[in-house]
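**Q** Dropping a prediction and its sequence here:
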Amino acid sequence: MATGLSVHVGLNRVDPARYEGWEGTLVACENDAHDMARLARAAGFETTTLLTPDGTVANVTAVLGEAAGRLGPGDILFLSYSGHGGQVPDTSDKDDEPDALDETLVLYDRQFLDDEVRRAFRAFDDDVRIVALFDCCHSGSSIEAPGGTGDDTRGRYMPEPQQRQLYDRDRDFLAELRRSLAASASADGQGPDAVLVSACQDDQVAADGDVNGAFTEAVLNTWADGTFRGDYRTFHQAVQDALPRTQRPNLYTTGSPDEAFLGQRPFTI
């Protein structure tokens, strides 16, 4: 039988000492992680949950690395993230970012580049299936009052002044990190097939809520305690239909997921 491992990261704030005094307080991200873990356990996954202070780069990469060591052909990884999303200028020579920006997961101690997510995924066997659900802003290709778009909506995005300040501080670090990532990408090859269902497009923001993020709430309602019977495409469409056009969930793939994978009921081990 196939093995399913899942990792669920939820951050209601970040370390202000690492973000120039900004705490990035949110309400529902830890709830999202708990609820995604419950969904995964019900589907047969062995789960790991990392909440706020434990949601560091070292912890996330270590847990994913351990999963890569355990999963083999035919197995599946389910990764969920709820927290802030950010963007930083992409100054590398690669041409895979049409908007010239790298999307980031705003982890507890620093921003985690989308290229770092892809590097973590490349550590998995080529025949491991990877499913990611990201409930954060700017998450369309990162591999919140529900329904609200007014001034009282809490967005899961890092404010522009903080993004500029952190980028100016970390410019040299990011340049060296990208060089390292480019070298490892050349050595590792394409990696496994991954499917990302994200909270919004790269140029949109995701809404926080009092209990769950808007995207996570739509995922839970669509899943309906496991009664959903469609595939990944129909699942994405149903989640998209539950949200306003100001927050349009994306279906994004890396590698070459075949129809057997995309045609499965979501979270099938």
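**A** That came in fine, so what should we check first?
**Q** Just name the shakiest helix or strand of this protein by mean pLDDT.
**A** helix 160-188 (a mean of 84; mean pLDDT, DSSP states H and E).
**Q** Quickly run through the sheet partners of whichever helix or strand comes after that one, with directions.
**A** Sequence order places strand 193-198 as the next helix or strand after helix 160-188, per DSSP states H and E. Here strand 193-198 has these sheet partners by DSSP bridges: strand 129-135 (parallel), strand 250-254 (antiparallel).
**Q** how about the least confident helix or strand of the chain: buried residues?
**A** Going by neighbour count (16 or more other C-beta atoms under 10 Å), the buried part of helix 160-188 is Q162, Q163, L166, L174, R178, L181, A185. For glycine as for every other residue, the C-beta is placed from the backbone atoms N, C-alpha and C.
**Q** hey, which of the strands paired with strand 193-198 is tucked in deepest?
**A** strand 129-135 (a mean of 27; mean count of other C-beta atoms under 10 Å).
**Q** Need the contact partners of it.
**A** If you take C-beta atoms under 8 Å, 6 or more residues apart in numbering as the criterion, strand 129-135 is touched by 29, 32, 36, 74-83, 85, 105, 117, 121, 124, 142-143, 156, 192-199, 206, 213, 215-216, 219, 232, 257, 261, 266-267.
**Q** hmm, back to that, of the strands paired with strand 193-198, which shows the lowest average pLDDT?
**A** Out of these, strand 250-254 stands lowest, with a mean of 89 (criterion: mean pLDDT).
**Q** Send me it as CSV with only the CA atoms.
**A** Extracted in CSV, the C-alpha atoms of strand 250-254 (Å, rounded to 0.1, in the frame of the first residue of the first chain):
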residue,chain,number,x,y,z
ASN,A,250,-5.0,29.0,-8.7
LEU,A,251,-4.3,25.5,-9.9
TYR,A,252,-0.6,25.2,-10.7
THR,A,253,1.5,22.2,-11.5
THR,A,254,5.2,21.5,-11.7
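**Q** residue ranges of the helices in the chain, please?
**A** Using DSSP state H, the helices of the chain run over 29-42, 57-70, 114-122, 160-188, 214-223, 232-241, 259-262.
**Q** circling back to that earlier point, narrow the contacts of strand 129-135 to those that are buried.
**A** Buried members of the contacts of strand 129-135, scored by 16+ other C-beta under 10 Å, are 29, 32, 36, 75-83, 85, 105, 117, 121, 124, 142-143, 156, 192-199, 206, 213, 215-216, 219, 232, 257, 261, 266-267.
**Q** same for the least confident helix or strand of the chain, what does it pack against?
**A** If contacts are counted by 3 or more C-beta pairs under 8 Å, 6 or more residues apart in numbering; DSSP states H and E, helix 160-188 sits against strand 85-89, strand 111-113, helix 114-122.
**Q** got the end-to-end distance for stretch 209-220?
**A** 14 Å (C-alpha to C-alpha, to the nearest Å).
**Q** For that stretch, which outside residues touch it?
**A** In contact with stretch 209-220 (C-beta under 8 Å, 6+ apart) are residues 27-29, 31-32, 35-36, 39, 82, 133, 135, 144-148, 154, 156, 197-200, 206-208, 239, 242-243, 247, 249.
**Q** repeat for stretch 61-68
**A** For stretch 61-68, using C-beta under 8 Å, 6+ apart, the contacting residues are L5, V7, T48, L50, L77, L79, E116, A120, A123, F124, D125, V128.
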